[in-house]
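> Here you go, sequence then predicted model.
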Amino acid sequence: MMNLTLRIWRQKDSNSKGRMVDYKVTDISEHMSFLEMMDVLNEQLVNSGEEPVAFDHDCREGICGMCSLYINGEAHGPDRAITTCQLHMRSFKDGDTITIEPWRATAFPVIKDLIVDRMALERIQHAGGFISVNTSGNTQDANSLPISKINADEAMDAAACIGCGACVATCKNASAMLFVGAKVSQYALLPQGQVEAKERVLNMVAQMDKEGFGNCTNTGACEVECPKGISLENIARMNREYLKASILSK
Amino acid sequence: MSKSGILKSTIARKVAMALSAFFLMVFLLQHLIINSTSMVSADTFNDISHFMGTNFLIQYILQPVLLFGVVFHFIMGFVLELKNRKSRSVKYAKNNGAANSSWMSRNMILTGVVILAFLGLHFYDFWIPELITKFGQGNWSGVVEGHEGLRYFGELQHKFVDPVRVGIYCLSFILLSLHLLHGFSSAFQSVGANNKYTRGLKNFGIAYAVLVPLGFVVIALFHHFNHC
Ligand code: HEM
Ligand code: SF4
Ligand code: FES
């Protein structure tokens, strides 16, 4: 059992100024998940008539990409290759002070407390992160197209991105290059993605820039903090795709 | 969309940054090789310097390209840095950058600004006097009063007498080394090269980033102590 001090960003709404507020929680089991610990805090706050801390979450099993939280200076907390909902209290010690902040990026405005608006990632996706197929009933079976094993594997790895935005949160420049790199790569590696490859990368990168994400300095922080182990190779691939598309574009 | 100015996109800017950096890294290596001859033979150093300083191609084609490369690189460095700062308007109260990235990669602008300050001193020391001699006085002979034979070796020796200057010189090259420890491999990633050669290239980059600046430091110390 642990007693902890939580230093949490509180902000009423997107127009209000926020601040860090300290809370105490007691008797926290190390078997609890981080979000369960947050639930305990919120129960405590509700019981004492205070506003609970707003934070994003949905599946609580590392697949939906909703949970976020910058914990003690790291996206999704101190552990590697997991989302915040998969983080457990055994990663902390009795008496610890835990700092909890929302993702910080100009492109991710705070909605309330620890919840930020990640629609910018959605809009990048809408700009080209899809393939256009005729679904009138004569759709070709995807498995009838030969795809090399290595490309299939790499496309699958890129497609593992859950759009959580930890890469942006962690990057010193709030760059979205890992996310966009993954989304561009997953199609660039497959035959179905070829038809729209040029417009896809140009439009997605243009949207990314429009949203106000920073440039990539290749620090590699995103790859380390990404819960899905998306590799920097995807950024290099996107840069190649982008160069190819720019040079060949009309 | 693709037509709206190629250097507006973040990727295009980073590719341009990397290309200017490649050029600077090649330049730096040839500069080191030429400077190294000064430790072996004053005559060789003089001859090469005179050739470099008076050859038409080098003076009027390569030198302007170099100048453009340096200016472009640091201006683009500031442009990128400004955008990056704007992209996170509210900073974290607690941020553990060391947990996931190297100090060098997070401080390219800092090491870059020190290199820029050094380049200012370097221009003041060598380039401006060079311009005055050649264009101000119209003296392209490489011979001036107070120096026996060609002037270049003597000028070089003279600059490394002052221990403060030698200190600044060495410190700047340490920061250049830090800049390149991240920059070398970063430039390859920027142009989209991340493949089976990346690991080897990274190691080569580390060797380059350590040995090339170290070479300049050794030359400075060599002349400083040989002259004292
Ligand atoms: C004149 C002063 C300089 C300044 C202000 C400067 C600044 C910068 C900055 C800010 C970056 C990082 C850009 C980013 O990714 O966000 C950078 C990258 C780089 N710089 Fe410099 N730099 C300078 C001189 C040099 C010199 C003399 C060299 C080599 C001899 C060099 C080599 C590199 C390399 C290889 C990169 C990596 C390029 C990339 O990531 O694509 N820099 N520089
Ligand atoms: S690349 Fe990784 S960190 Fe970035 S959004 Fe996708 S899953 Fe999250
Ligand atoms: S709540 Fe779905 S990934 Fe964490």
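Ah, there it is. Ligands and ions are numbered 1, 2, ... in the order given.
> Closest residue of chain B to ligand 3?
Of all residues in chain B, the one sitting closest to ligand 3 is residue B:100 (19.5 Å; Cβ to the nearest ligand atom). Heads up, the C-betas are built off the backbone N, CA and C, glycines and all.
> Figure out how far the host helix or strand of residue B:216 is from the centre of its chain.
Applying DSSP states H and E as the criterion places residue B:216 in helix B:198-227. Chain-centre distance of helix B:198-227: 12 Å, with Cα atoms, centre = their mean, to the nearest Å.
> cool, stretch B:49-66 as well?
For stretch B:49-66, the distance to the chain centre is 17 Å (Cα atoms, centre = their mean).
> what are the ranges of the helices in chain B?
B:10-40, B:42-54, B:56-57, B:63-86, B:103-106, B:108-122, B:128-131, B:152-159, B:163-190, B:198-227 (DSSP state H).
> got TSV for the ones you listed, with mean pLDDT, distance to chain A and mean neighbour count too?
As requested, the helices of chain B are arranged in TSV below (pLDDT from 0 to 100; distance: least, Cβ to the nearest Cβ, whole Å; neighbours: other Cβ atoms under 10 Å in any protein chain shown):
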stretch	mean pLDDT	distance to chain A	mean neighbour count
helix B:10-40	97	5	18
helix B:42-54	96	34	17
helix B:56-57	96	29	8
helix B:63-86	97	4	15
helix B:103-106	98	4	18
helix B:108-122	97	6	17
helix B:128-131	91	33	13
helix B:152-159	93	34	18
helix B:163-190	97	4	20
helix B:198-227	96	9	16
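> Now tabulate these in JSON lines and tack on distance to residue A:191.
Output for the helices of chain B, formatted as JSON lines (distance: least, Cβ to Cβ, whole Å):
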{"stretch": "helix B:10-40", "distance to residue A:191": "24"}
{"stretch": "helix B:42-54", "distance to residue A:191": "53"}
{"stretch": "helix B:56-57", "distance to residue A:191": "49"}
{"stretch": "helix B:63-86", "distance to residue A:191": "36"}
{"stretch": "helix B:103-106", "distance to residue A:191": "36"}
{"stretch": "helix B:108-122", "distance to residue A:191": "39"}
{"stretch": "helix B:128-131", "distance to residue A:191": "59"}
{"stretch": "helix B:152-159", "distance to residue A:191": "61"}
{"stretch": "helix B:163-190", "distance to residue A:191": "27"}
{"stretch": "helix B:198-227", "distance to residue A:191": "26"}
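> Quick one: the ones you listed as CSV, columns for distance to ligand 3 too.
Below are the helices of chain B laid out as CSV (distance: least, Cβ to the nearest ligand atom, whole Å):
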stretch, distance to ligand 3
helix B:10-40, 28
helix B:42-54, 60
helix B:56-57, 60
helix B:63-86, 28
helix B:103-106, 28
helix B:108-122, 33
helix B:128-131, 60
helix B:152-159, 61
helix B:163-190, 28
helix B:198-227, 31
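> for residue A:21, helix, strand, or coil?
State at residue A:21, reduced to three classes by DSSP: H, G, I helix; E, B strand; the rest coil: strand.
> Can you check the pLDDT for the nearest residue to residue A:64 once chain neighbours are set aside?
Distance criterion Cβ to Cβ, 6 or more residues apart in numbering or on different chains; nearest residue to residue A:64, sequence neighbours excluded, is residue A:58 at 4.5 Å. Predicted confidence (pLDDT) for residue A:58: 98.
> Which residues of chain B lie near ligand 1?
Contact residues (Cβ under 6 Å from any ligand atom) of chain B with ligand 1: B:14, B:17-18, B:21, B:24-25, B:28, B:70, B:73-74, B:77, B:80-81, B:108-109, B:112-113, B:115-116, B:119, B:179-180, B:183-184, B:186-187, B:190.
> Could you rerun that using 5 Å?
Within reach of ligand 1 by Cβ under 5 Å from any ligand atom, chain B has these residues: B:17-18, B:21, B:24-25, B:28, B:74, B:77, B:80, B:108-109, B:112, B:115-116, B:183, B:186-187, B:190.
> if I read this right, residue A:176 contacts residue A:123, doesn't it?
No. Judged on Cβ atoms under 8 Å, residue A:176 makes no contact with residue A:123 at a distance of 10.9 Å.
> of those two, who's got more company?
Legend: neighbour count by other Cβ atoms under 10 Å in any protein chain shown for residue A:176 and residue A:123, higher for residue A:176 (32 against 15).
> distance of the more buried one from residue B:176?
Distance from residue A:176 to residue B:176, counting by Cβ to Cβ, to the nearest Å: 31 Å.
> Could you do residue B:221 as well?
For residue B:221, the distance to residue B:176 - Cβ to Cβ - is 16 Å.
> next one: residue A:202
36 Å.
> Show the backbone phi and psi for residue A:112.
Dihedral pair for residue A:112: phi -160, psi 130, per degrees, to the nearest 10.
> ok, for it, nearest residue in space, not its chain neighbours?
Using Cβ to Cβ, 6+ apart and skipping residues adjacent in sequence, the residue nearest residue A:112 is residue A:54, 4.4 Å away.
> isn't there a strand covering that neighbour?
No. Counting by three-state DSSP, residue A:54 is not part of a strand but coil.
> How many neighbouring residues does it have?
Neighbour tally, residue A:54, other Cβ under 10 Å: 17.
> show me the contacts for it.
For residue A:54, the contact set (Cβ atoms under 8 Å, 6 or more residues apart in numbering or on different chains) comprises A:111, A:112, A:113, A:114, A:115.
> got a winner among those residues for most neighbours?
That'd be residue A:114 among those, by other Cβ under 10 Å, with 25 neighbours.
> right, and it touches residue A:56 too?
Yes. Checked against Cβ under 8 Å, the pair residue A:114 and residue A:56 is within contact range at 7.3 Å.
> joint contacts of these two?
residue A:68.
> Tell me which of the helices of chain B approaches residue A:154 most closely.
Minimum separation from residue A:154 across the helices of chain B (Cβ to Cβ) falls at helix B:198-227, 15.0 Å.
> Up against ligand 2, what does chain A have?
A:161, A:162, A:163, A:164, A:166, A:167, A:178, A:179, A:182, A:226, A:228, A:230.
> The second one and ligand 1: what is the separation?
Spatial separation of residue A:162 from ligand 1 under the definition Cβ to the nearest ligand atom, to the nearest Å is 27 Å.
> Assign a three-state SS to that residue, would you?
coil.
> what's around it, how many residues?
21.
> Touching, it and residue A:61? I think so.
No. Contact criterion Cβ under 8 Å: residue A:162 and residue A:61 do not qualify, at 11.2 Å.
> Direction-wise, compare the helix holding residue B:216 with helix B:152-159 and give the angle.
80 degrees (axes from the mean of the first three to the mean of the last three Cα atoms, to 10 degrees).
> Backbone dihedrals for the residue in chain B positioned nearest to ligand 2, both of them.
Across chain B, the shortest distance to ligand 2 (Cβ to the nearest ligand atom) belongs to residue B:100, at 11.4 Å. The phi/psi pair for residue B:100 (degrees, to the nearest 10) reads phi -140, psi 0.
> And the pLDDT for it?
For residue B:100, the model assigns a pLDDT of 98.
> likewise residue A:250?
Looking at residue A:250, its pLDDT is 67.
> repeat for residue A:141
83.
> Could you report the distance from it to residue A:192?
Taking Cβ to Cβ, one finds residue A:141 at 12 Å from residue A:192.
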